[in-house]
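Trainee: coordinates only, no sequence provided:
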């Protein structure tokens, strides 16, 4: 159980365009999802916490107008990278936890989206 | 950021050896810790977790040890196999009043030779 699906798995876009990444919880409802970014050979950095029905909470240094998050349903959160530039090229990973479990339960991760901006 | 990995330390072992991966965490108030395994091009995969009221927890071939005094966490893998080759991350829940957010450590690359 607790499967998180992410789409697309990879995307190449031109500089200045926008890209949308979807994150779905397949077998549970997630009121909260988390978006991480990972550069090569580095750790995962939390970008923002996506809250169903309300505004996302962004980590310090993450531009909310550049990384738009929408969590319109209990099973879907989207991350849109607006006006993408080559420095936005990275591995974006979403995660969620089953709220039906105790708060001491792990986050489950999608398989990530490799974004390359040319 | 809260946890920045500038490079990945590497642990090289022979198949069948026991592996120990260490992690120093940052927040003394963290109450929940998780070890994840990440294979190339994939998202992190849950291995084992531990609450702060415990100092040891065992799973299948894996053991996690928690030393809150020195804010240290370790993952022991018994009889390491080539399929265990991956990057391993510890993560801590930054909060002691419920789940708030997971912050990841630097990560360690485990290379298992046949």
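Mentor: Yes, it's here. The model shown is predicted, which means the values in this text are computed figures rather than measured ones. Numbering: from 1, shown residues only, chains lettered A, B, ... in the order given.
Trainee: could you pull out the strands for the chain?
Mentor: With no chain named, the answer covers chain A. A:4-7, A:10-13, A:19-25, A:32-38, A:44-51, A:57-58, A:67-73, A:76-81, A:90-96, A:108-109, A:113-117 (DSSP state E).
Trainee: sorry, should have said chain B
Mentor: Here chain B has its strands, by DSSP E, at B:10-14, B:19-24, B:32-38, B:45-51, B:56-58, B:62-67, B:72-77, B:86-93, B:102-104, B:108-113.
Trainee: redo those as a markdown table? Include distance to chain A, mean neighbour count and mean pLDDT.
Mentor: All C-beta spots, glycine's among them, are computed from the backbone N, C-alpha and C. As requested, the strands of chain B are exported to a markdown table (distance: least, Cβ to the nearest Cβ, whole Å; neighbours: other Cβ atoms under 10 Å in any protein chain shown; pLDDT from 0 to 100):
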| stretch | distance to chain A | mean neighbour count | mean pLDDT |
| --- | --- | --- | --- |
| strand B:10-14 | 11 | 13 | 96 |
| strand B:19-24 | 11 | 17 | 96 |
| strand B:32-38 | 5 | 24 | 96 |
| strand B:45-51 | 5 | 17 | 95 |
| strand B:56-58 | 12 | 13 | 97 |
| strand B:62-67 | 12 | 18 | 98 |
| strand B:72-77 | 14 | 19 | 97 |
| strand B:86-93 | 6 | 24 | 95 |
| strand B:102-104 | 5 | 24 | 92 |
| strand B:108-113 | 9 | 17 | 97 |
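Trainee: check the gap between residue B:90 and residue A:60 for me.
Mentor: 22 Å (Cβ to Cβ, to the nearest Å).
Trainee: wait, residue B:25 touches residue B:33, no?
Mentor: Yes. Taking Cβ atoms under 8 Å as the definition, residue B:25 is a contact partner of residue B:33 at 6.9 Å.
Trainee: find the residues that touch each one of the two.
Mentor: In terms of Cβ atoms under 8 Å, 6 or more residues apart in numbering or on different chains, residue B:25 and residue B:33 are both contacted by the residues B:73, B:90, B:92.
Trainee: may I see the strands of chain B organised as TSV, with distance to residue A:106 added?
Mentor: Shown next, in TSV, are those (distance: least, Cβ to Cβ, whole Å):
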stretch	distance to residue A:106
strand B:10-14	23
strand B:19-24	16
strand B:32-38	5
strand B:45-51	5
strand B:56-58	13
strand B:62-67	12
strand B:72-77	14
strand B:86-93	9
strand B:102-104	8
strand B:108-113	19
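Trainee: so which of the strands of chain A gets nearest residue B:49?
Mentor: Smallest distance to residue B:49 across the strands of chain A (Cβ to Cβ): 12.0 Å, for strand A:108-109.
Trainee: looking at the closest one now, give me its mean pLDDT.
Mentor: Across strand A:108-109, pLDDT averages out at 94.
Trainee: which helices and strands does it pack with?
Mentor: Here strand A:108-109 touches strand A:90-96, going by 3 or more Cβ pairs under 8 Å, 6 or more residues apart in numbering or on different chains; DSSP states H and E.
Trainee: write out the residues of chain A neighbouring chain B.
Mentor: Within chain A, the positions near chain B by Cβ under 8 Å from any Cβ of the partner chain are A:4, A:6, A:34, A:36, A:41-46, A:49, A:59, A:61, A:93, A:95, A:97, A:103-112, A:114.
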